[in-house]
Structures are given as C-alpha cells and as structure tokens.
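In: return a 3D structure for these sequence lines:
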Amino acid sequence: MGGWNRLLVVALGILLVSWSGPAASAFWSSVSSNGAAAKSDALAQGSKPSTSVTGTNVSVTWAASTTAAGRSVTGYSIARYGAASGGNRVPATGACAGTVTSLACVEANVPAGTWYYTVTPMLALWQGQESARSAGTTPVTDTTPPAAPTVTAPALVNSLNVGNVPVGGTAEANSTVTLTVSGAGASSFSQTIIANSAGGWTAAPVDVSRFTDGTITFSAKATDAAGNTGGAGTATSKKKSTPPPLPTLSWRMSQAALRARSKRETR
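Out: Numbers count the residues shown, from 1 in each chain. Model (predicted):
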C-alpha cells in the first residue's frame, strides 16, 4: 500500500471515530514510528463492581480493564441504576463522579433506595462497554435511635438467687440489647441479647456474687439494624446475701434464784 493510501486509511479511521463520538469502543492506533500504518483496538467491557455500605455511604470496587491489545485504560465512569435491569442511568456523585482513575471510590450521602452500580472503562475520548450491574445495594438512611429498653429485675437479691438473678424486659423488635451490670466492690460486666420480633428479651442468668452488698444496677441499651443506639433503661436490686451474725445468748440469774440454787446444792 502506497504512502498516500496508508495516510488515507488513518484519516478515515479518525473520521470514523469522530462520527461515532466518545462512546465508541473501537479506535485506530499507530503501529509504526512514522504513523503511516495503523491497526484497530477496542476497549473491553468493564468488570462487574462490588459494593459495601456504611450508613449512607456506598463503597464501589472493581477490577482493572484493558483494551483488546492489552493497553491500560485511563479511567472509569461510575453510575447507578434503581433496578437490576432497565431504568435510568444516574451518574455517581462525590468521589465517584467524573472519571475515576483508581479501582475504588466512595459515593457519600446516597439517597434511600436499592441501587445497582456499573463501571465503564475509558481511554482518552473513547469509552468501553458498561459493566454488568452490581448486586443491589441499599444505603442505611435510618438515623433514628431506638427507645430505651424497659428492664425488670427482682427488688431483692439474697443468698438464694445471688448467682442466678433473672433480668429481662422489652426493646425495639429485633434490636440488639446490651445489658451492663454494675455494683460496689467489683468491675461492671455486660452481655448481649437479641430482642425477639415482639421486642421481648431475656438475659442469661446474672451472677452478682462478685459485688458487695448494696445496690446493683442493671442498665440496658438497644441498637437497631441501622446501627443506631438509643438511651439506657435501668432497674436496680438491693443485694443482701451475707447472713446476719448468730445472736449471743446471755442470761442472768437473780440473787434469790442463786440463793435457792445454793441451798439445793448444799443439801
């Protein structure tokens, strides 16, 4: 092929890409030092991303993409959809906006709903095929903490129940209840209970023998599925497990009784 013909092929390739716009995934690249020869290359489809949620922030990660000839891409365009298929493409915002040059980004303050993310590889003016959509991702938009749990415990703890104190109550349904037990003479301790679908919860039998006699405090906080922790509900018991000392018996005999006893003993 003559020099002019080769230049004509290159020019036609450039015009073809120009007509196709930046969405074209195929392009022409020089394969010789004088630019007179050219070959076609194409961007591969983006890799399906993975996502994770922290509150209203969604972290998106994906594998690197290359062209068919093995060239590295220059960046990625991140978007999300409100359905697993179909729906409108919504460009990602924040650190995921525009062209992302790394393999991960975090979109902050994502609106409520279930979102499906995609990654589109880009090379200069060209972009490849959009990836398959990620699994559904639902940001946590619940910021309301649950109400303080109710706590029930016996009014008196004695030697009979000191190692097996029954404690329970109610909380937000399916929430995680953290029960903290404190008293004098020893460090406090905690246990975690999951409230049932009706909100009821029952702690494992509580052993308060480590504490000295006095007031025992049972404090419970509930944490909901969104990670919100509410205020504490409390109950107290009076511990008195040390038995009182045995009484000291004493008796005194009257003088008359002593004289009568003395007379009997001398007979």
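In: in the stretch 151-267 of the chain, what spans have low per-residue confidence?
Out: The model of the stretch 151-267 of the chain has pLDDT under 70 over residues 244, 246-267.
In: how far away from the center of its chain is the helix or strand T178 falls within?
Out: Counting by DSSP states H and E, the element that carries T178 is strand 176-182. Offset of strand 176-182 from its chain centre (CA atoms, centre = their mean, to the nearest Å): 20 Å.
In: run me through the strand neighbours of that strand, direction for each.
Out: strand 189-194 (antiparallel), strand 214-223 (antiparallel) (DSSP bridges).
In: mind exporting the first one as CSV, just the C-alpha atoms?
Out: So that's strand 189-194. Below are the C-alpha coordinates for strand 189-194, written out as CSV (Å, rounded to 0.1, in the frame of the first residue of the first chain):
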residue,chain,number,x,y,z
PHE,A,189,-19.8,-6.6,83.1
SER,A,190,-22.0,-6.9,80.1
GLN,A,191,-23.9,-9.3,77.9
THR,A,192,-25.6,-9.0,74.6
ILE,A,193,-29.2,-10.3,73.8
ILE,A,194,-31.3,-10.1,70.6
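In: and the next element down the chain from that strand?
Out: strand 200-202.
In: for that following strand, buried residues please.
Out: Residues of strand 200-202 classed as buried: W201 (neighbour count, 16 or more other CB atoms under 10 Å). (Each C-beta comes from the backbone N, C-alpha and C, glycine too.)
In: ok, residues contacting that strand?
Out: 149, 166-171, 177, 193-195, 220 (CB atoms under 8 Å, 6 or more residues apart in numbering).
In: farthest-separated two in those?
Out: The span of the contacts of strand 200-202, defined through CB to CB, is set by P166 and I194 at 17.7 Å.
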